[in-house]
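> generate coordinates for the sequence data below:
(one chain, ligands or ions: 1)
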Amino acid sequence: MTKFSDLALDPRVLQAVAETGYETPTPIQAQAIPHALEGRDVLGIAQTGTGKTASFTLPMITLLGQGRARARMPRSLVLAPTRELAAQVAENFDTYAKHTRLTKALLIGGVSFGEQDKLIDRGVDVLIATPGRLLDHFERGKLLLTGVQIMVVDEADRMLDMGFIPDIERIFQLTPFTRQTLFFSATMAPEIERITNTFLHSPVRVEVARQATAGENITQRLVELHPTRRDMGPKQKRELLRRIIETEAEACTNAIIFCNRKTEVDIVAKSLKAYGFDAAPIHGDLEQSQRTKTLDGFRDGTLRFLVASDVAARGLDIPAVSHVFNFDVPSHAEDYVHRIGRTGRAGRKGTAYTLSTPSDEKYLAAIESLLKMPLPRVPVPEGFIASETGEPDAPSGRSGSSRGGSRGGRGAPAAREDDRSGERAERNAGRDGERRTRKPRSEAAPVAEVTQAVPAAMPTDVQAAPEAAPREVAAAPAPRNEEPRETRQEPRREPRRDDRREDTRREPRRDDRRERNDAPVVGMGDHVPDFLLRGFKMPVAPDTAEG
Ligand code: AMP
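Below you'll find the model as predicted:
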């Protein structure tokens, strides 16, 4: 068996590898590294989890060991499809290059150009970037790619899915013809084949078995749900997901839950949270700082459930994920392989559940044809009965089932109405979640309004959905002698004209305003027009205004 010391790596690299505790190279490393060290182009067909990152970082560090970086002219370039993957590659560089003096810069969206420019200006040995951000820097005249000696394209198939291929072609053309290229892709779609034929020079093709199809360490399960009504599908799937998680109990130490759409990611995360599950969303519309925080939490075990879109979770290196849940059957069969490959890594065992409904038939067929095997079906967990149209699904501790619930019973019509509002609220909450990253305050109101329709005594998915509501409510002065429902009704927006009719509830607000305005107004009774209570502020000319 090949050992790291058999590979002609720089002793400083070998030392760093030894410090990580890795003893033997993985197959892709054993096969790719010797060719890369010889200066050959490499076409690596491998997916994450195989050790492919080290298969290009180790030889790169060795090859770049000699020589110095020049201002604005990076000596090597690694292109990754997502910010997370790029950041992960950068972490690998930090680990393996720690005994060298090589410098690196990471160019990803969500980080200010200024900081990144400074690093590039000083000169870097390794530039790690997402394609769009790299071209942005190039177009601003801050970067020259004519000094690139080694170029890596990581996860080319994902670049194709994300529409980055024209960018990649352009970047190839901006680098010297004599560069060495290390190109990685999990699959060889015709478009990828074309790119490699165009830009790689007699590459060595290195292929390792697809981890997920080997699959012995991943237990796959398909749970088929037949929603009682088509529009109840998502809600009943959320109920089913919770029930499965409960039945998995301690075996499910942590999990990634995949949804097909970003809005669904938000909804599922908020719903789980409402039911006491420790969950957070990750998708491309969230701010980078939020994404990083969520991922860090998931990595260090403080967050148990990561609800993710394919793009956000692609290539994430989180070795100990016990479960993957496909809340939605992926519409690209390849994504199924990537998703379930998040578990069962580094020799561990993993479990992958897929929730399907009859409308997923076509996608399931594609997955099974790719895997060349049927997905093992398991029945819905014991005790699971999907709630019917009428009533909201209840949080744990209450019966999740309302099958056959009394439609004519007391409060039934309201419950039905609430439930519909509930679905709306969840959807609004999903959208709100996305927008709130940009406009925290102004988007809160619609959620609060939908929430009002839900009786306080019925904490459903819905009520949980508007994440911000409880905080806002808590911040408002607690009205005296009110039912909990009314507390919930406390709107977050500034009082509007019609709100003044709700005299009793508005009282404390007025007091607040008085406090703010210090001097009480005498002689106007209780009917003080709003504008009289506001402070004056002189208009400021735009050119003198503070930024
Ligand atoms: P990658 O395919 O690059 O995402 O790597 C998957 C995981 O394998 C990462 O957690 C690496 O740190 C780990 N890894 C990389 N090389 C080795 C090795 N030679 N032995 C054991 N683990 C490794």
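> what's the closest non-adjacent residue to Val268?
Here the nearest residue to Val268 in space, its sequence neighbours aside, is Val307; by CB to CB, 6 or more residues apart in numbering that works out to 5.0 Å. For glycine as for every other residue, the C-beta is placed from the backbone atoms N, C-alpha and C.
> Ile128 sits in which helix or strand?
Assigned by DSSP states H and E, Ile128 belongs to strand 126-129.
> strands paired with that strand, and their directions?
In the sheet, strand 126-129 lines up against strand 76-79 (parallel), strand 104-107 (parallel) (DSSP bridges).
> rebuild those strands as TSV, extending it with mean pLDDT.
Listed next are those as TSV, based on pLDDT from 0 to 100:
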stretch	mean pLDDT
strand 76-79	98
strand 104-107	95
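> Serialize those to TSV and add fields for mean neighbour count and distance to the ligand.
Below are those laid out as TSV (neighbours: other CB atoms under 10 Å; distance: least, CB to the nearest ligand atom, whole Å):
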stretch	mean neighbour count	distance to the ligand
strand 76-79	27	12
strand 104-107	25	17
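> distance of the closest residue to Asp310 other than its chain neighbours from the ligand?
Leaving aside its sequence neighbours, Asp310 sits nearest to Asp335 (CB to CB, 6+ apart; 5.1 Å). Separation of Asp335 from the ligand (CB to the nearest ligand atom, to the nearest Å): 17 Å.
> would you confirm that Asp335 contacts Ala308?
No - using CB atoms under 8 Å, Asp335 makes no contact with Ala308, being 11.5 Å away.
> out of those two, which sits in the busier spot?
Neighbour count, other CB atoms under 10 Å: between Asp335 and Ala308, Ala308 has more, with 29 against 22.
> the nearest residue to Pro131 once chain neighbours are set aside: neighbour count?
Nearest non-adjacent residue to Pro131, counting by CB to CB, 6+ apart: Asp167, 3.9 Å away. Around Asp167 there are 17 other residues, counting by other CB under 10 Å.
> same question for Arg194.
12.
> against Thr247, how distant is it?
As judged by CB to CB, to the nearest Å, Arg194 and Thr247 stand 47 Å apart.
> just Arg377 next, same as before
When distance is defined by CB to CB, Arg377 is 16 Å away from Thr247.
> cool, Ala313 as well?
For Ala313 relative to Thr247 (CB to CB), the value is 24 Å.
> same check, this time on Pro379
Taking CB to CB, one finds Pro379 at 11 Å from Thr247.
> neighbour count: these two, which is higher?
Just comparing Pro379 and Thr247: by other CB under 10 Å the higher neighbour count belongs to Thr247, 14 against 8.
> contacting residues for the more buried one?
Applying CB atoms under 8 Å, 6 or more residues apart in numbering to Thr247 gives the contacts 381-382.
> that one belongs to a helix, doesn't it?
Yes - the assignment for Thr247 by DSSP: H, G, I helix; E, B strand; the rest coil puts it in a helix.
> please begin residue numbering at 26 from this point
Happy to do that; since the first residue is 26 now, the last one works out to Thr272.
> how about stretch 64-74 as PDB, C-alpha atoms only?
Output of stretch 64-74 as PDB, limited to C-alpha atoms (Å, rounded to 0.1, in the frame of the first residue of the first chain):
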ATOM      1  CA  GLY A  64       3.700  18.600 -14.000                       C
ATOM      2  CA  ARG A  65       1.100  16.600 -15.900                       C
ATOM      3  CA  ASP A  66      -2.500  17.700 -16.400                       C
ATOM      4  CA  VAL A  67      -4.800  15.600 -14.300                       C
ATOM      5  CA  LEU A  68      -8.500  14.800 -15.000                       C
ATOM      6  CA  GLY A  69      -9.800  13.500 -11.700                       C
ATOM      7  CA  ILE A  70     -13.200  11.900 -11.700                       C
ATOM      8  CA  ALA A  71     -14.100  11.900  -8.000                       C
ATOM      9  CA  GLN A  72     -16.600  13.400  -5.700                       C
ATOM     10  CA  THR A  73     -16.200  14.900  -2.300                       C
ATOM     11  CA  GLY A  74     -15.400  12.500   0.500                       C
END
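> what does that stretch contact?
53, 57, 60-61, 77, 80-81, 88, 180, 205-213, 221, 225-233, 235-237, 339-342, 362-363, 366, 370-371.
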